[in-house]
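A.B. asks: here is the input, now give the coordinates:
(chains A, B, C and D)
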Number of protein chains: 2
Amino acid sequence: MFEIIAEPNRRAILSLLVSSQQSVGDIERQLRMSQPAVSKHLRVLREAGFVESTVDAQRRLYRLKPEPLQEVDAWLAPFRRFWSAHVDALERHLDRMDQSTPKKRKTRGRAKAL
Amino acid sequence: MFEIIAEPNRRAILSLLVSSQQSVGDIERQLRMSQPAVSKHLRVLREAGFVESTVDAQRRLYRLKPEPLQEVDAWLAPFRRFWSAHVDALERHLDRMDQSTPKKRKTRGRAKAL
DNA sequence: CCTTAATATTCCTTGACAAGTATATGCCCT
DNA sequence: AGGGCATATACTTGTCAAGGAATATTAAGG
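C.D. replies: Okay, the predicted model is just below:
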């Protein structure tokens, strides 16, 4: 799964498909890569469940499937906890600085992210 | 960045470090991999900014750095929007089904995620 | 200083994979 | 049926990265 998205062209393809479905030729033109290259990457993506295709006459329309990237997202969860803890620690630290050195008061923007 | 976390052993190392810092030997034992392998992966991770190390006598303690994984997280953002849109569509669809076929009423659990 | 422990580095081999070129398959149209 | 368009597959080749074995580095302690 991670190996799949390690390839830059494949990530580019996924990013293209996030807005709307595209034919092989569309992708080929937008990403300036050879047709076999596109087809091969699409095959990898399809077999890994990142995309699916439907037939439209001679062309195949490829669209995104959410599951695999959701798994990537799930893998990141513990790390998100880690770094939000770090942000908290930094915040506390900066707050202490603000109190102990009440100086310039330049707007040091601090806010809870959504 | 994606190439870095494409390697399973490296992901394992990162997962180990998320709980607390570890020495090379600790990692070596917990992951059952050879010492040179651990050192080499740690070098890759360090040069890519995923980890940093401090010296403690003969051992080096490695700890996680948040930034690179945050970038991965950022790359996922558009896709998160994509699939939450899909969940919404599915919800609407199922709601329509519930209305048009008021049958068994088996608990088909549906709820807003946090 | 010499030894031992902990980690880093080098060299080598092997396997995987991406890109290119050529060719095959399938579908439309007249 | 045949020709052309869109996509897929086969085969080859070059590149690169991971792992293993051996060796180098650095620190601690007697």
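A.B. asks: export only the CA atoms of the one helix or strand residue A:55 maps to, formatted as CSV.
C.D. replies: Assigned by DSSP states H and E, residue A:55 belongs to strand A:51-56. The C-alpha coordinates for strand A:51-56 follow below in CSV (Å, rounded to 0.1, in the frame of the first residue of the first chain):
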residue,chain,number,x,y,z
VAL,A,51,-9.0,3.1,-8.3
GLU,A,52,-11.7,1.4,-10.3
SER,A,53,-12.6,1.7,-14.0
THR,A,54,-15.7,1.6,-16.1
VAL,A,55,-15.9,1.2,-19.9
ASP,A,56,-17.1,4.0,-22.1
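A.B. asks: does chain B have contacts with that strand?
C.D. replies: No - residues of strand A:51-56 are not located near chain B by CB under 8 Å from any CB of the partner chain, the shortest gap being 12.1 Å. Just so you know, the C-beta spots here come from the backbone N, C-alpha and C atoms, and that holds for glycine as well.
A.B. asks: show me what that strand is packed against.
C.D. replies: helix A:8-17, helix A:35-47, strand A:59-64 (3 or more CB pairs under 8 Å, 6 or more residues apart in numbering or on different chains; DSSP states H and E).
A.B. asks: ok, that strand: who's next to it in the sheet?
C.D. replies: When pairing is defined by DSSP bridges, strand A:51-56 lines up against strand A:59-64 (antiparallel).
A.B. asks: quick check, residue A:60 in contact with residue A:23.
C.D. replies: Yes - at 6.6 Å, residue A:60 counts as touching residue A:23 under the criterion of CB atoms under 8 Å.
A.B. asks: out of the helices and strands packed on strand A:51-56, flag the one nearest residue A:100.
C.D. replies: helix A:8-17 (45.5 Å; CB to CB).
A.B. asks: including mean neighbour count, mean pLDDT and distance to residue B:48, could the helices and strands packed on strand A:51-56 go into TSV?
C.D. replies: Below are those laid out as TSV (neighbours: other CB atoms under 10 Å in any protein chain shown; pLDDT from 0 to 100; distance: least, CB to CB, whole Å):
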stretch	mean neighbour count	mean pLDDT	distance to residue B:48
helix A:8-17	18	98	16
helix A:35-47	16	97	24
strand A:59-64	18	96	28
